[in-house]
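Colleague: just a sequence and a predicted model for now, questions to come.
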Amino acid sequence: MAGTRAPRRGDIISIASTATVDPVRVEVRGLSKSFGQVRAVSDLGFTVEPGTVTGFLGPNGAGKTTTLRMLLGLMQPDSGTATFNGAPYTALPTPLRTVGAVLETAFHPARSGRNHLRVYCRAAGFPLSRADEVLVQVGLADAGNRRAGGYSLGMRQRLALATALLGDPGVLVLDEPANGLDPEGIQWLRGFLRHLAHDQGRTVLVSSHLLSEVEQTVDRVVIVGAGRLVREGSMEQLRSGADGAGTVLVRSPEITRLADVLRADGVAAVQEDGTLTVHGSTPADVGRTAFAAGIELHELRSRTSGLEEIYFQLTSGSEQFAAPSTTGQEATR
Ligand SMILES: Nc1ncnc2c1ncn2[C@@H]1O[C@H](COP(=O)(O)OP(=O)(O)OP(=O)(O)O)[C@@H](O)[C@H]1O
């Protein structure tokens, strides 16, 4: 698929309209980056699998954009690697054919959407017909001749996505693509990204600071806080709290004794209105503890609706301002 040398200006690279793409696995290993005393990204590692939409989540200042910039070769890491099937972005023979990215959306306001895309086609050596193909793909065919300066925010997001798709890349990296979209736009984006991943086998990485914004779009999540990995796994794992992140509700005639037993084990339990709320545990663990203490239970269930709460718990206290500065100990890790 990839050529043997980087394209030069004037080269025309044929782009087959593929139903599926060659799978590309993105791997980040031991990535770190500091800005003065702020450790923006710290020993970060995760994998993004082909054929999935992965949410790259974390509160403002968690290090998402810095990570994406290092992934895309726009910034040099202090240490660690970020690779596409084993190769860093800067070593890819035809990077735009492997990775399409939307980090920020800036357009020449007087240029039409189609012209904007054609400028990119010329620079990258893609046939100009690609501009029309991607306009159709993102649903902008009718607006292609209009000035991009007159586009709505949702149309600008679509045009940015079209730009990223010009090289028919196996990987799409999108920084906060749902930002400012109306519910209809978010629904369209959701279907489109899932189609690109599930039907065409692309690797899609979408950053957001809101889990609720991407909850129904992503298959997997990589959650970061203060530049570090907080959680990596499927949405099912996150929802079920199978990895210990869940909240369990318990009713019992001996609720105070159960709370004491759990707290003695170091498990956080809050008693309110005859119900015990147990954080960071599973129904199996709470049931086992109650059984061992001979405590009768009347109700024991996992609270599965609190996804946003789980996310908040996982990332609380890890805003940018809580980011630890580089210490000698961390620097040697
Ligand atoms: N060029 C820079 N110079 C100095 N500090 C920076 C620079 N870029 C990022 N930072 C700092 O690094 C930390 C991580 O920022 P980053 O933008 O990567 O986070 P983010 O998760 O993308 O946040 P947001 O969602 O707000 O964009 C923050 O403390 C930020 O202030």
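Modeller: All right, it came through fine.
Colleague: wait, A148 sits on Q157?
Modeller: No - taking contact to mean Cβ atoms under 8 Å, the distance of 11.8 Å between A148 and Q157 leaves them out of contact. Heads up, the C-betas are built off the backbone N, CA and C, glycines and all.
Colleague: wondering if stretch 219-235 reaches the ligand at all.
Modeller: No - for stretch 219-235 and the ligand, the contact criterion (Cβ under 6 Å from any ligand atom) is not met; the two come no nearer than 6.7 Å.
Colleague: and that stretch, which residues are buried?
Modeller: Residues of stretch 219-235 classed as buried: 219-232, 235 (neighbour count, 16 or more other Cβ atoms under 10 Å).
Colleague: do the same with stretch 51-66
Modeller: Of all the residues in stretch 51-66, those buried under the rule 16+ other Cβ under 10 Å are 51-59, 61-66.
Colleague: any weak-confidence spans in the chain?
Modeller: 1-19, 240-246, 304-307, 309, 317-333 (pLDDT under 70).
Colleague: which parts of it sit against the ligand?
Modeller: If contacts are counted using Cβ under 6 Å from any ligand atom, the residues of the chain sitting beside the ligand are 35, 38, 40, 58, 60-66, 209, 320, 323.
Colleague: show me where the stretch 101-250 of the chain has its helices.
Modeller: Remark: helices of the stretch 101-250 of the chain, listed N- to C-terminal, are 113-124, 129-137, 153-165, 183-194, 211-214, 235-240; assignment by DSSP state H, counting those that start in this stretch.
Colleague: turn those into TSV, including distance to G45.
Modeller: Supplementary listing: the helices of the stretch 101-250 of the chain in TSV, determined by distance: least, Cβ to Cβ, whole Å:
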stretch	distance to G45
helix 113-124	31
helix 129-137	33
helix 153-165	25
helix 183-194	24
helix 211-214	21
helix 235-240	18
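Colleague: tell me the residue of the stretch 151-300 of the chain that sits nearest the ligand?
Modeller: Here the stretch 151-300 of the chain gets closest to the ligand at one residue, H209, 4.7 Å apart by Cβ to the nearest ligand atom.
Colleague: what sits against that residue?
Modeller: Applying Cβ atoms under 8 Å, 6 or more residues apart in numbering, one finds that H209 lies in contact with L57, G58, P59, N60, A62, K64, E176.
Colleague: in strands, which of these appear?
Modeller: Counting by DSSP state E, the part of the contacts of H209 found in strands is L57.
Colleague: before we move on, back to that, quick check: the farthest pair among the buried residues of stretch 51-66?
Modeller: Greatest spatial distance among the buried residues of stretch 51-66 (Cβ to Cβ): G51 and G61, at 30.9 Å.
Colleague: S79 is in contact with G30, correct?
Modeller: Yes - using Cβ under 8 Å, G30 is in contact with S79, at 6.2 Å.
Colleague: would you mark the buried spots in the helix or strand hosting T81?
Modeller: Using DSSP states H and E, T81 sits in strand 79-84. Taking 16+ other Cβ under 10 Å as the basis for neighbour counts, the residues of strand 79-84 that come out buried are G80, T81, A82, T83, F84.
Colleague: show me what secondary structure element comes after it.
Modeller: In the C-terminal direction, the helix or strand that comes right after strand 79-84 (DSSP H and E) is strand 87-88.
Colleague: and that following strand, which strands flank it?
Modeller: In its sheet, strand 87-88 lies beside strand 79-84 (antiparallel), with partners assigned from DSSP bridges.
Colleague: neighbouring contacts of the strand it pairs with?
Modeller: Contacts with strand 79-84, where a contact means Cβ under 8 Å, 6+ apart, come from 24-32, 43-45, 67, 70-71, 88-89, 92, 98-99, 170-171.
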